[in-house]
Structures are given as structure tokens and as C-alpha cells.
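S.K.: below are the sequence and a predicted model; questions follow.
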Amino acid sequence: MTTRSASDTKNKELVGDFKNAGREWRPKGEPELVRVHDFKDKQLGKAIPHGIYDLRTDQGWVTVGIDHDTAQFAVNSIRSWWEHLGQPRYPHATRLQITADCGGSNGNRTKLWKVELQKLADDTELEIAVCHFPPGTSNWNRIEHRLFSFITMNWRGKPLTSLETIINLIGATKTSSGLEVYARLDDGTPLPATSEEEIYSALGLDWIPPELREDLGEILAAEQHRLPRLIEQADIRGDLHMHTSETDGKNTIREMAEAAIERGFAYIAITDHSKNLAMTNGLDDARALKHVERIRAVDREMEGRIRIFPGIEVDILADGAIDLSDDVLAQMDVVIASVHSHFNQPSEQMTERMLRAVENPFIRVLGHPTGRLLLRREPYALDLEAVLRRCSALGVAVEHNAYPDRLDLSDRNLRLARQLGCKIVVNTDAHHTSHLEKMRYGIRQLRRAWLRAEDVLNTGSADDLLVHLRSRPQ
């Protein structure tokens, strides 16, 4: 993909209370006093605006320098544009085409211009092509009549009293056709700061949480003050996926509940394995019903200190059927359906298998949907988008399994799930009371996916959770 931009340096401007061409209406008797000579103020100096104009989006980026109009300054301006606007907008671009006039710092005979561009190409892995206008035709460059002319019109009649004034006037330039201009100062001095927040603020950006620093649009969002308030561990009210000593867990129902209380949870769901996982001592129909009675009994014993939902993690069989009867599933508050076998099915078969499973009206959560085990097993082949779309339509929540071996769904797939309107839950898949602390690994992945507390069902109360989970057949 090729992105096309125009580059040039605007006329140097005197900084100070100098007369600026044009008129500005002011109250009668309150003229703004200006100097009529053009001798440079030695303290304020001159401003050197170098602009980049994006031909596709009608957006400008202007870096205002205060030293000299050099090739290095011109390329640094292009680099700054690419890092802040270009790359976030064109993440798949492989080629950058620049139009420029043939004189000055970006001239076709300026060796340093070529050297600095090569450094930029090496750093960004972009193929960079420069198209120079012939002598006497620089006004044909679109940056002149689509960006610089409007900046001049915007500050007409206004004395450019300070660098801050110049930056603000450039940044305020807009047109009825949609032109947007971003401006920043490049004074060549390091930024004094004692924290990251101060550095970001000096650059005109909101502070970007570390989990978002992956070049996926976070810089533009920070500049436009659109960064989300990311989910935090304190937002989590409960865990809906855990196992007890009834199957392959190490602790009793009550022990798991007490451990959850210590972590500040308001509810949990006990979701032991079903019969198809024989190696885990999975529950058949009869044992599952008795287990529900025990879970409800412990829930009553807790006397409101925490709510314990009876549930189960059923197996999705090779043909997409569920390994327990609907009559039994109807007794559960939380039914998670997961794949634990036949991982090597072809993509089409695995997709149909998952789609059939979520059609079961008692399935409320799809567990660890891609089946990956980090460094041990790749995700199974399937059309995940088709599965997520169907889950969204049916109201089936999709799980982020926070167990460090899984972290499934991945951060990228979580973003896809949110875009498709899926309900999302984050669970530990705990098999021991100590495993509840692994929720923190899941929270990190949710934050990498730009998820907010309101995007995750188990940040709400127990009653809200039951309302927002898939409605059960009456």
C-alpha cells in the first residue's frame, strides 16, 4: 500500500508584536499596537513551520522549528508526522510517496536530504519515493494551496506574538471541506519532566497506559482525548469458571467460596467438568444434579457473604452435541461449553461443531474459544469471526480464560469480539484456591484489547450478571 503526502517549509515568520498582513475586527478605540519594522527580535527569533499534507485524508501536520531550515529538520518533521498520524492511519503501508519543490532543505540536489530520508526509510522499513516539482512550479504542490494558504488566512491580521500563539493558530485552522491541522513545536531542547504523564502532556497527548503502546492507533486517540478508561482488577466482581474436588480440582466448594471472599468477590460459579472428560472424573447427569444440590446448600450456608451459582463446564463433542442432557442443564445458572478433544478437525468441521454447540439454548458461555495452550498447542482451525458473530446474535458470552497457559481469547480476538457486539467474561478456570490470583493475567490481556469495565459482564452485580447472560428457556 502506498500513502501520498506533500512536504514543504512555509515562509519563516517573525515572532513578536509585528504587523501581520490583513485586518482583524476589534472594539472601537482598542487597536492592538504592533511594530511596523521587520527587525528580528533576538530573544524571540523566527518561527520555521514545516508542513506535511496528507492528500487522502485532507489533514496537515506542521512542525514549528526555531533554529534553521535544514534537511534534518525537514525529515524529522516527516518522521514526526509518520509516528503520530501516518502509521496509525496506514498500518499496512509499505511505500511513502512525497511531493516537494526542488529547492531549499528538501531540494533534489541536497545530499543531506537524501541521507536523512534513507535513515527514515531504514527505521520505518518504508520504501520512500520523492517527486520534485520543476523550478518555478512549486505553487503546484498541493500543500501550498490546500494547507499553507489556509493557515495564512487563519492568522491574517493577528500579530504572531509567541510560539504558543503560532502553534495555536496553526492548530485552529479548518475549512468547510474538512481540513484538520495538527501542530507541534520542535525547539531542539529536552523536555524537563519527572513522570511519564508530564512528558505526554508536553507533547499534547493524554497519558497512554503501557498495555496500549502497540502502534494500533493509541497515539492518535491520545491526541484527540479518546483513550478509553481501561478495566482494572478492582472492577471484577466475580469468577464464573472454577473446579472443585468433585472432579479435578483440589478444594471443596466452601473453600473456593472463602478464597473468593478474601479477594473481594461478590459471587462465583462452580463449573466442574462433565462426563466426557473421564480422566477428570467428570460428572454424569445423576452426579451433576446431586452436585447442584450441594452447591445450593453451601450457598445458603454462606448467609449472603457471597453468592454461589451452580454451573458446569460441558464438553462440545466432535459433532457439536453437548455431553449432558438439557433437563440437567436447565438446573444450572451458568453453563460453559468448551472443546476438550478432537482438536485437529478441519476448519469447516470445527466451525460447524462450535456453531451447533452454541445453538443449544442452555449454553450461556463459550469457554476458551480457540483452544490454544501457549508454547504447547496452537489454536484449532476455525472461522472464529463466524462463531463470534453467532454468539453475539444469540447472546452467548465468550470467555477470556485468564489461566496463564491459555489467555484465550487473545487480545486481538477480544477486540474482534467487542467489535462484533459479543458479551465478554473473564475467568480464572481455577482448580485450586491459589489460582484465583491469576485473574490479573487476564486483566492485562483485556487492557491490551482496549476493554473497559462496561465491556465485561462480571464487573456487574450478581443480579445484573444473570440479567445480561443469555436468557434460559422457560
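M.R.: Yep, that arrived.

S.K.: CA atoms for contacts and neighbours, from now on please.
M.R.: Fine.

S.K.: can you pull out the strands in the stretch 151-300 of the chain?
M.R.: For the stretch 151-300 of the chain, the strands defined by DSSP state E, counting those that start in this stretch occupy 180-186, 238-239, 267-273.

S.K.: would you turn those strands into JSON lines with mean pLDDT and mean neighbour count?
M.R.: Shown next, in JSON lines, are these (pLDDT from 0 to 100; neighbours: other CA atoms under 10 Å):
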{"stretch": "strand 180-186", "mean pLDDT": "84", "mean neighbour count": "21"}
{"stretch": "strand 238-239", "mean pLDDT": "98", "mean neighbour count": "26"}
{"stretch": "strand 267-273", "mean pLDDT": "98", "mean neighbour count": "27"}
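
S.K.: to residue 245, which of those strands lies closest?
M.R.: Proximity to residue 245 (CA to CA) singles out strand 267-273 among the strands of the stretch 151-300 of the chain, at 8.8 Å.

S.K.: adjacent strands (with direction) for the closest one?
M.R.: Strand 267-273 has its sheet partners listed here by DSSP bridges as strand 238-239 (parallel), strand 307-315 (parallel).

S.K.: could you dump those strands to a markdown table with distance to residue 62?
M.R.: Below are the strands paired with strand 267-273 laid out as a markdown table (distance: least, CA to CA, whole Å):
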| stretch | distance to residue 62 |
| --- | --- |
| strand 238-239 | 49 |
| strand 307-315 | 57 |
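
S.K.: quick one, which of the strands of the stretch 151-300 of the chain is nearest to residue 462?
M.R.: Nearest to residue 462 among the strands of the stretch 151-300 of the chain is strand 267-273 (6.4 Å), distances taken as CA to CA.

S.K.: quick check: residue 448 touching residue 215?
M.R.: No. In this structure residue 448 lies outside contact range of residue 215 using CA atoms under 8 Å: 11.5 Å.

S.K.: the residue nearest to residue 215 when sequence neighbours are not counted: what secondary structure?
M.R.: Distance criterion CA to CA, 6 or more residues apart in numbering; nearest residue to residue 215, sequence neighbours excluded, is residue 88 at 6.4 Å. Each residue gets one of three states, and residue 88 gets helix by DSSP: H, G, I helix; E, B strand; the rest coil.

S.K.: what do you get for residue 472?
M.R.: Assigned with three-state DSSP, residue 472 falls in the coil class.

S.K.: wait, it touches residue 361, no?
M.R.: Yes. Residue 472 is in contact with residue 361 according to CA under 8 Å; the separation is 6.6 Å.

S.K.: and residue 402, which of the strands paired with strand 267-273 is closest to it?
M.R.: Of all the strands paired with strand 267-273, strand 238-239 sits nearest to residue 402, with 10.5 Å by CA to CA.

S.K.: chain center to that closest one: distance?
M.R.: Computed by CA atoms, centre = their mean, to the nearest Å, the chain-centroid distance of strand 238-239 equals 24 Å.

S.K.: next: stretch 285-297.
M.R.: 42 Å.

S.K.: and stretch 392-403, by the same measure?
M.R.: In terms of CA atoms, centre = their mean, the centre of stretch 392-403 is set 19 Å apart from its chain centre.

S.K.: list the contacts of it.
M.R.: Stretch 392-403 is contacted by residues 358-359, 363-369, 388, 391, 407-410, 414, 417, 420-430, 438-443, 469-471 when judged by CA atoms under 8 Å, 6 or more residues apart in numbering.

S.K.: buried subset of the residues you listed?
M.R.: 358, 363-369, 388, 391, 407-410, 414, 417, 420-430, 438-443, 469-470 (16 or more other CA atoms under 10 Å).

S.K.: the strands in the stretch 301-450 of the chain, which residues?
M.R.: 307-315, 334-338, 365-366, 397-401, 424-427.

S.K.: so what does the third one touch, helix or strand wise?
M.R.: In terms of contacts (3 or more CA pairs under 8 Å, 6 or more residues apart in numbering; DSSP states H and E), strand 365-366 is packed against strand 334-338, strand 397-401.

S.K.: name the SS class of residue 109, please.
M.R.: What three-state DSSP gives for residue 109 is coil.

S.K.: what residues are up against it?
M.R.: Residue 109 sits next to 102, 103 when contact means CA under 8 Å, 6+ apart.

S.K.: if you set the cut-off to 6 Å instead, what comes out?
M.R.: Counting by CA atoms under 6 Å, 6 or more residues apart in numbering, residue 109 touches no other residue.
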